[in-house]
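Chemist: Predicted structure and sequence below. I'll ask about it afterward.
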Amino acid sequence: MKFFNKTYIIIGLSMLLAGVTSCKKFTDEYNPGNRTAETYYNLNAGFQDLAKSNYTTLRGLVNFPQFFNIGTDVYSTPGINDNNALNLYNSQLNSSLGDADSFYKQLYNAINIANNTMYWATQVTDGDVTVINTRVAEAKALRAWYYFLLTETFGDVPLVTTRTTSVTLAYTRTPEKDIYAQVIQDLNDAISALPATTPDFGRITKGFAQHLLAKVYLTRGYKSYAAPNDFQQAATVADAVISSGMYALKAKYSDLFDPAISGFQANSEVIFSVQYSTNALTNGLGNSLHQWFLWDTQNTPLVGRSTFYGKTLNAISPNPYFFSLFNRTSDSRFSATVFDGVITQVAGSFAGKNYAVGDTLIYYPAVAFTAEQKAARKYIVINPDEYRNSPFLAGARNYPQFKKFRDPFVTTYAENAGARDTYVFRLAETYLIAAEAYVKLGNQGLALTRFNTIRTRAAKAGTNPATGLAYSADLLYAGTLTLDAILDERARELAGEEFRWYELKRVYETAGNVASNKLLTRPLIYNDELKAASAGKTALDAKFLLRPIPQSQVDLNRGPFAQNPGY
């Protein structure tokens, strides 16, 4: 249910009515409803609208594909000669970084809405107390997520837990460990008040707070200020979500993403998703997720501006390493995530060969074709080691197109405003959080049980004729489960869903040893562009575990506000 659409309508009408008086001085106030915070938010109807506004900011916060992903082991930029600072960790990665500035501001805007919700909950003169307390718990859970993202991105940040009603000219940076303490307190408060289910799909429930708390404990467990039981707490809370009976893995991985299945987005595996709408009046800028992880087909006349393959943002592409992670014989997730070929959408010729509509134009085999095998095919064969080349555009990648996020509500090539929801937390990740926690606890038995639950679901149905074993048996992980194996599994299971930069940053083979941190090491092994630009380095500088504080924030602050070291 798109339960917050009414909020957008109210905002839209207010803007429209304000526009009627645009000939007046801009300093003149016009309030056609004669409403003020003091006369509206203190009533239950107004407070409920305020509480809904916590959800409207989420659409912007999940829409930073480059900031969250490139410069990692599995994602890079579409151009192989790109000088993108986020991908190469070069001198352009500095305090003027636009994404960092926008992300920082959006998070604090969202925090202020949450703080306002908590304040006005104490002023409401009517309404059901239980419902009001639930709205406060929703706001606390969201505020916890925002501060978790802030402190993981920027380190020490200002901790603001009361509503902002006047200009503040000087903030100080609160130590990261204290931010974590606040996050954990907020989440525990929320867990005690949130319901397990909601009739309004898309609202925060207890599962959201528990899933996030498990990840917070897991992340803090690697820190110098970790509590001794953080990994145990992570495992316990994750297992509580798994065993709660509120969620269940879908039988087929592809069912999570297949628009042909009615109501596919509201399913038993989703713990939380950001909601969009098919109503253009309430969908705002919409969801652009369908435009990520694509190469530009308009450079291929036989495909052109095809709605079927979609318009790309040209912002991010998977690395060749990403595709190497899949066992295409047994793992259903490859075909659920990408197309293994491209079909012509326009009749014509290429390289002296004629194609009709519907012919195979490109094929991406699992096993490399020989030159002779390639020559025997009419279509273009692009081997796994050739994804960094394109037959259509020099200097660009050409790789299996993502289909995982195809939006059934997008009907034209140029349409940016998709209406498909974005998964934020789902139960498969909870299993992987538990598996990682158990690895850190030295409990390989439980780690493998949680891990193999995901791999069993991922397997194709039936038997592998080459081995005589069920495909699920082929995918069972045997031996010692490692942190690298979990990161590889996350890349397969949560491709395009997880914020990969944060997942790598969290993990150390040895806590405190920056040379063992996965963000500082894995990209140098698997990201071809970064590796080429890094002159044989085996680890990135430790300063890259944090993004630079936006210069705008440093400049606006009237007191001391130190930049992160090295920037």
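Modeler: Cool, got the structure. Numbers count the residues shown, from 1 in each chain.
Chemist: all strands of the stretch 351-500 of the chain, in order?
Modeler: Here the stretch 351-500 of the chain has its strands, by DSSP state E, counting those that start in this stretch, at 353-355, 360-363, 380-381, 422-426, 463-464, 469-470.
Chemist: which one of these is the most hemmed in?
Modeler: Among those, strand 422-426 has the highest mean neighbour count (mean count of other Cβ atoms under 10 Å), at a mean of 23. C-beta coordinates here come from the backbone N, C-alpha and C atoms, glycine included.
Chemist: Which secondary structure elements does that one sit against?
Modeler: helix 206-220, strand 270-274 (3 or more Cβ pairs under 8 Å, 6 or more residues apart in numbering; DSSP states H and E).
Chemist: picking that back up, list just the one of the strands of the stretch 351-500 of the chain that sits closest to residue 182.
Modeler: Nearest of the strands of the stretch 351-500 of the chain to residue 182, taken as Cβ to Cβ: strand 422-426 at 20.2 Å.
Chemist: is it true that residue 189 touches residue 138?
Modeler: No: counting by Cβ atoms under 8 Å, residue 138 is not a contact partner of residue 189; they are 11.3 Å apart.
Chemist: Of those two, which one has the most company?
Modeler: Using other Cβ atoms under 10 Å as the criterion, residue 189 and residue 138 rank with residue 138 on top: 25 against 16.
Chemist: so where does the more buried one fall, helix or strand?
Modeler: Per DSSP states H and E: residue 138 is located in helix 129-154.
Chemist: Make TSV from the helices and strands packed on strand 422-426 and add mean neighbour count and mean pLDDT to it.
Modeler: Conversion of the helices and strands packed on strand 422-426 to TSV gives the following (neighbours: other Cβ atoms under 10 Å; pLDDT from 0 to 100):
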stretch	mean neighbour count	mean pLDDT
helix 206-220	25	98
strand 270-274	21	98
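Chemist: With distance to residue 116 added, can I get the ones you listed in TSV?
Modeler: Shown next, in TSV, are the helices and strands packed on strand 422-426 (distance: least, Cβ to Cβ, whole Å):
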stretch	distance to residue 116
helix 206-220	20
strand 270-274	20
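Chemist: Show me the one of the ones you listed that comes nearest residue 99.
Modeler: strand 270-274 (18.3 Å).
Chemist: Contacts only, for residue 102.
Modeler: Going by Cβ atoms under 8 Å, 6 or more residues apart in numbering, residue 102 touches residue 64.
Chemist: Make 56 the starting number, not 1.
Modeler: Yep, numbering from 56; the last one is residue 157 now.
Chemist: pretty sure it is in a helix, no?
Modeler: Yes: assessed by DSSP: H, G, I helix; E, B strand; the rest coil, residue 157 belongs to a helix.
Chemist: Just the pLDDT for residue 60.
Modeler: As predicted, residue 60 sits at a pLDDT of 45.
Chemist: With residue 318 instead?
Modeler: Listed pLDDT for residue 318 reads 86.
Chemist: And residue 224, by the same measure?
Modeler: Residue 224 is assigned 88 on the pLDDT scale.
Chemist: Find the nearest non-adjacent residue to it, please.
Modeler: Closest residue to residue 224 in three dimensions, ignoring its sequence neighbours and counting by Cβ to Cβ, 6 or more residues apart in numbering: residue 613, at 4.2 Å.
Chemist: Name the SS class of the residue nearest to residue 351 when sequence neighbours are not counted, please.
Modeler: The shortest distance from residue 351 to any non-neighbouring residue, by Cβ to Cβ, 6+ apart, is to residue 367 (5.1 Å). Under three-state DSSP, the three-state class of residue 367 is coil.
Chemist: from memory residue 367 sits against residue 354, does it?
Modeler: No: using Cβ under 8 Å, residue 367 makes no contact with residue 354, being 10.2 Å away.
Chemist: So which residues of the stretch 106-255 of the chain form helices?
Modeler: Using DSSP state H, counting those that start in this stretch, the helices of the stretch 106-255 of the chain run over 113-116, 120-124, 140-143, 153-176, 184-209, 231-248.
Chemist: Relative to residue 217, which of those is closest?
Modeler: Here helix 153-176 is closest among those (Cβ to Cβ), at 5.8 Å.
Chemist: Now find how far off-centre that closest one is within its chain.
Modeler: Here the centre of mass of C-alpha atoms in helix 153-176, compared against the chain's by Cα atoms, centre = their mean, to the nearest Å, lies 18 Å away.
Chemist: what do you get for stretch 223-232?
Modeler: Distance of stretch 223-232 from its chain centroid, counting by Cα atoms, centre = their mean, is 27 Å.
Chemist: Would you indicate which residues of that stretch are buried?
Modeler: Neighbour-count burial for stretch 223-232 flags 226, 228, 229, 231 (criterion: 16 or more other Cβ atoms under 10 Å).
Chemist: could I get those residues as JSON lines with distance to residue 327?
Modeler: Below are those laid out as JSON lines (distance: Cβ to Cβ, whole Å):
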{"residue": "226", "distance to residue 327": "30"}
{"residue": "228", "distance to residue 327": "29"}
{"residue": "229", "distance to residue 327": "26"}
{"residue": "231", "distance to residue 327": "25"}
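Chemist: Show me the shaky parts of the protein.
Modeler: Within the chain, the stretches with pLDDT under 70 are 56-88.
Chemist: show me the contacts for the nearest residue to residue 393 once chain neighbours are set aside.
Modeler: With sequence-adjacent residues excluded and distances taken as Cβ to Cβ, 6+ apart, residue 393 is closest to residue 455, at 3.8 Å. Shown here is residue 455, whose contacts under the criterion Cβ under 8 Å, 6+ apart are 378, 393, 394, 395, 419.
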